[in-house]
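Visitor: Model the structure of this input:
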Amino acid sequence: MAQLIVLLVCVTIILAGLLRRVAVFDEFVEGAKSGALVGLRLFPYILAMLMAVNLIGASGLLETLVARFGGWVELVGIPREIAPLALLRPLTGSGSLALTGEILRVHGPDSFLGLLASTVQGSTDTTLYVVTVYFGAVGIKRIRHTLFTGLLADLAGLVAAIIVCRLLFGAG
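Guide: Numbers count the residues shown, from 1 in each chain. Below you'll find the predicted structure:
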């Protein structure tokens, strides 16, 4: 059904363009060109984020932070197994998704940790990635307030996920 809807939308756009005497193919090519230029402009920012995420993973920084502060994290109600996800989620969607997959594989999708990891994944965003890539693409350099607000929203999402999961699924 979804494929049929996509096809109908494409056909409708083409027909509307033809009815208005628009050179549909030429406009498509111009749009593709400008999209490619945006991709080229975004590439350095995406590369920098990918390198930062890989550096954090390869250096063992994430494991060191969890080992060092895991007890403190548990004192405030965050399970030790969720701490790496909470730290990595603002940086990378694919890295945090891989961590969530690992938690689901080890603990099971119906376990408290599996449900909590899934809820955290859906309740937070890749704030640093979004700010770096999108603000970098349009040339915004002063990101202090946006970054603070985004990370505060991620923290609120994490806290809400923990509270809701404890209320709905019991303390883990």
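
Visitor: So which residues of this protein form helices?
Guide: 2-19, 24-59, 61-75, 83-88, 93-107, 112-123, 127-130, 136-138, 144-169 (DSSP state H).

Visitor: and those, which one is worst for confidence?
Guide: Note on the helices of the chain: lowest mean pLDDT is at helix 136-138, with a mean of 80.

Visitor: which helices and strands does that one pack with?
Guide: Contact analysis of helix 136-138 by 3 or more Cβ pairs under 8 Å, 6 or more residues apart in numbering; DSSP states H and E lists helix 24-59 as its packing neighbours. Placement of C-beta: from N, CA and C, glycine included.

Visitor: so how far is residue 130 from the residue lying farthest from the centre of the chain?
Guide: Relative to the C-alpha centroid of the chain, counting by Cα atoms, centre = their mean, residue 21 is the outermost residue, at 40.7 Å. Distance of residue 21 to residue 130, given as Cβ to Cβ, to the nearest Å: 39 Å.

Visitor: now swap in residue 16 and tell me
Guide: From residue 16 to residue 130 the distance is 33 Å (Cβ to Cβ).

Visitor: Many thanks, we can stop here.
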